[in-house]
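# Need a 3D model of the sequence below.
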Amino acid sequence: MSEPTVSTWLLRWPQACQPGRTALDLACGSGRHVRHLASLGMQVTAVDRDAQALAALSGLAETLVADIEAGPWPLGERQFDLVLVTNYLWRPLLPRIAAAVAPGGWLIYETFTQGQQSVGRPSNPEFLLRPGELLQACAGLRVVAYEDGFLDGVNPRYLQRVAAVRESAEPGVFQRYRLD
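Now for the predicted structure:
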């Protein structure tokens with residue numbers, strides 16, 4: 001079996017993945033992004049309910065076994081320089097996810113949207129974003145880029161994805177968010 005590839009959406013934002021900075025990979029699954037972020041020198045926190053999957057990440061990241069849908073939020077008020085979520089949606093957590101982005105930090109979020117049920121799984125509307133829903137979840141953050149559409153190819157899918165930042169509170173300081 002081949003190694004799962006890193007999200008092209010994450011790769012598009014290298015300025016969000018700087019060595020020495022902190023990253024949270026929420027609902028990280030097998031850890032494809034944990035491995036990538038750790039290889040870049042980031043201090044990664046990996047959260048998933050699958051203890052076996054997290055055990056394989058020992059030594060690469062701080063691992064937290066947690067059922068974030070049924071249990072308490074395991075991170076308290078912690079904030080991270082990068083919060084990454086891919087292929088996961090639990091609407092009650094959207095405010096917590098946005099709040100976990102530190103000042104100057106990034107939210108990189110990519111998951112399935114309505115229409116996915118016509119090409120594969122997930123097909124349950126509870127796990128499919130409605131039009132513009134990811135933008136609404138970014139209230140209080142500066143949206144740098146947003147996409148809502150269909151990716152064709154080997155693994156066709158309907159996606160929404162956002163790259164957003166929590167701007168620093170320093171007046172007169174303007175960050176450059178590279179778009180290329």
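# shaky segments in this structure?
The model of the chain has pLDDT under 70 over residues 1-3, 172-173.
# All the helices of it, residue numbers only.
Taking DSSP state H as the criterion, the chain carries its helices at 8-11, 32-39, 51-55, 94-99, 133-137.
# Extract the CA atoms of the fourth one and return them as CSV.
Output for helix 94-99, consisting of C-alpha atoms alone and laid out as CSV, is shown next (Å, rounded to 0.1, in the frame of the first residue of the first chain):
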residue,chain,number,x,y,z
LEU,A,94,-15.9,24.7,14.7
PRO,A,95,-15.7,27.6,17.2
ARG,A,96,-13.2,25.7,19.3
ILE,A,97,-11.1,25.0,16.2
ALA,A,98,-11.0,28.7,15.3
ALA,A,99,-10.2,29.7,18.9
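# Only the buried residues of it, if you could.
Residues of helix 94-99 classed as buried by neighbour count (16 or more other CB atoms under 10 Å): 94, 97-98. No exception for glycine: its C-beta is placed from N, CA and C like everyone else's.
# one step back: out of the helices of the chain, deepest packed?
Burial of the helices of the chain is given as mean neighbour count (mean count of other CB atoms under 10 Å); helix 32-39 ranks first at a mean of 21.
# and Ala163, how many neighbours?
Neighbour count for Ala163, taken as other CB atoms under 10 Å: 25.
# Check the gap between it and Thr86 for me.
12 Å (CB to CB, to the nearest Å).
# which residues do these two both contact?
With contacts taken as CB atoms under 8 Å, 6 or more residues apart in numbering, the residues that reach both Ala163 and Thr86 are Trp9.
# what sits against the spatially closest residue to Ala56 that is not a sequence neighbour?
Nearest residue to Ala56, sequence neighbours excluded (CB to CB, 6 or more residues apart in numbering): Gly31, at 6.5 Å. Applying CB under 8 Å, 6+ apart to Gly31 gives the contacts 25, 46, 53-54, 56-57, 60-61.
# Please repeat the previous calculation with a cut-off of 10 Å.
Contact analysis of Gly31 by CB atoms under 10 Å, 6 or more residues apart in numbering lists 4, 25, 37-38, 44, 46, 48, 50, 53-54, 56-57, 60-61, 63.
# Tell me the one of the residues you listed nearest Leu134?
Asp25 (17.6 Å; CB to CB).
# and the gap between the closest one and Leu135?
Counting by CB to CB, the gap from Asp25 to Leu135 is 22 Å.
# can you count the residues close to Ala100?
Ala100, neighbours per other CB under 10 Å, totals 23.
# Quick one: residues contacting it.
By CB under 10 Å, 6+ apart, the residues touching Ala100 are 24, 26, 45, 73, 75-80, 82-83, 93, 107, 166.
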